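Student: The following block contains a protein sequence and its predicted model.
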Amino acid sequence: MNRIYDYLGFEVEVSAEAHPGLAEPGKPHDGLGYVAVVTITKAGQPVSCFTSLRLGEADGHLFRNEVDAVMGGFSAGRRLIEDLGHNERG
């Protein structure tokens with residue numbers, strides 16, 4: 001799954017990448033999980049603003065499905081863009 005979102009003059013490209021889940025000691029193997037791969041570019045410019053990021057959930061686990069990975073990646077991309085805007089103002 002791959003999506004591109006426009007946000008405050010930037011393009012946030014997010015894809016979900018499948019990964020095998022890690023088994024925790026004493027628990028059965030969780031199976032497949034997903035990471036979000038996020039690339040942020042300034043609209044109309046071919047070079048990304050940041051190195052592509054590979055993200056899981058805040059607790060360090062993989063996302064459970066592709067939709068959660070894409071939405072989590074977009075949310076993280078928005079926060080990075082907003083933080084960049086605050087730094088440019090002050």
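Tutor: Done, it's in.

Student: Make sure I have this right: Phe50 is in a helix.
Tutor: No. Counting by DSSP: H, G, I helix; E, B strand; the rest coil, one finds Phe50 to be coil, located in no helix.

Student: And the residue nearest the centre of the chain?
Tutor: Centre of the chain computed as the mean C-alpha position; nearest residue by Cα atoms, centre = their mean is Gly73, 2.6 Å away.

Student: how much distance is there from the helix or strand encompassing it to the middle of the chain?
Tutor: Secondary structure from DSSP states H and E places Gly73 in helix 66-89. For helix 66-89, the distance from its own C-alpha centre to the chain's C-alpha centre is 8 Å (Cα atoms, centre = their mean, to the nearest Å).

Student: Contacts only, for Ala36.
Tutor: Ala36 sits next to 14-17, 53-56, 63, 69-70, 72-73, 76 when contact means Cβ atoms under 8 Å, 6 or more residues apart in numbering. No exception for glycine: its C-beta is placed from N, CA and C like everyone else's.

Student: That one looks like it's in a strand, true?
Tutor: Yes. Counting by three-state DSSP, Ala36 is located in a strand.

Student: what sits against the closest residue in space to it that isn't next to it in sequence?
Tutor: Excluding the flanking residues, the one nearest Ala36 by Cβ to Cβ, 6 or more residues apart in numbering is Gly73, at 2.9 Å. For Gly73, the set of contacting residues under the criterion of Cβ under 8 Å, 6+ apart consists of Val12, Val14, Ser15, Ala16, Ala36, Val37, Val38, Leu53, Leu55.

Student: Can you pull out the low-pLDDT segments for the protein?
Tutor: 21-31, 46, 49, 86-90 (pLDDT under 70).

Student: now with 50?
Tutor: Low-confidence segments of the chain (pLDDT under 50): 89-90.

Student: mind putting the contacts of Gly73 in JSON lines, distance to Gln45 included?
Tutor: Conversion of those to JSON lines gives the following (distance: Cβ to Cβ, whole Å):
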{"residue": "Val12", "distance to Gln45": "14"}
{"residue": "Val14", "distance to Gln45": "18"}
{"residue": "Ser15", "distance to Gln45": "20"}
{"residue": "Ala16", "distance to Gln45": "25"}
{"residue": "Ala36", "distance to Gln45": "22"}
{"residue": "Val37", "distance to Gln45": "19"}
{"residue": "Val38", "distance to Gln45": "17"}
{"residue": "Leu53", "distance to Gln45": "18"}
{"residue": "Leu55", "distance to Gln45": "23"}
